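Peer 1: Quick one, structure for this:
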Amino acid sequence: NLYYRDGDCHKYLDAVFKETITIVEIEDSLDGETFFLYVQLAACIVLIIDVTQQYLVNITIKKISSGQKFESFTLNHQIDVDYDWLPK
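Peer 2: Below is the predicted model of the structure:
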């Protein structure tokens, strides 16, 4: 529906098209659709960063845990063990 008022303050509804009528749309600098598009884009970027970070952490943990395992206590400390009771 098109509501407008002429110069004599007569109100009209659904008037016939006249070339003298100019319709001007309000141009907002940031409308709701654009705002939520940016919010969704930011959420997708954060999700991609989080998934990438989790993937890299899992790869790093697997590389560290798959390395050579050794017992560091016996290498650093001299343990006095009596081996005389073992059969030869």
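
Peer 1: Tell me how far the residue sitting nearest the centre point of the chain lies from Asp80.
Peer 2: Central residue of the chain (Cα atoms, centre = their mean): Val46, 2.1 Å from the mean position. In this view, Val46 and Asp80 are 58 Å apart by Cβ to Cβ, to the nearest Å. Just so you know, the C-beta spots here come from the backbone N, C-alpha and C atoms, and that holds for glycine as well.

Peer 1: and the residue nearest to the centre of the chain, helix, strand or coil?
Peer 2: Taken by DSSP: H, G, I helix; E, B strand; the rest coil, the conformation at Val46 corresponds to helix.

Peer 1: Spit out the contact partners of it.
Peer 2: Residues near Val46 by Cβ atoms under 8 Å, 6 or more residues apart in numbering: none.

Peer 1: Can you identify each of the helices in this structure by residue range?
Peer 2: Remark: helices assigned in the chain by DSSP state H are 32-65, 72-76.

Peer 1: among those, where is the model least confident on average?
Peer 2: When the helices of the chain are ranked by mean pLDDT, helix 72-76 comes last with a mean of 59.

Peer 1: so who does Tyr12 touch?
Peer 2: Contacts of Tyr12 (Cβ under 8 Å, 6+ apart): Tyr3, Tyr4, Arg5, Asp6.

Peer 1: Good, wrapping up.
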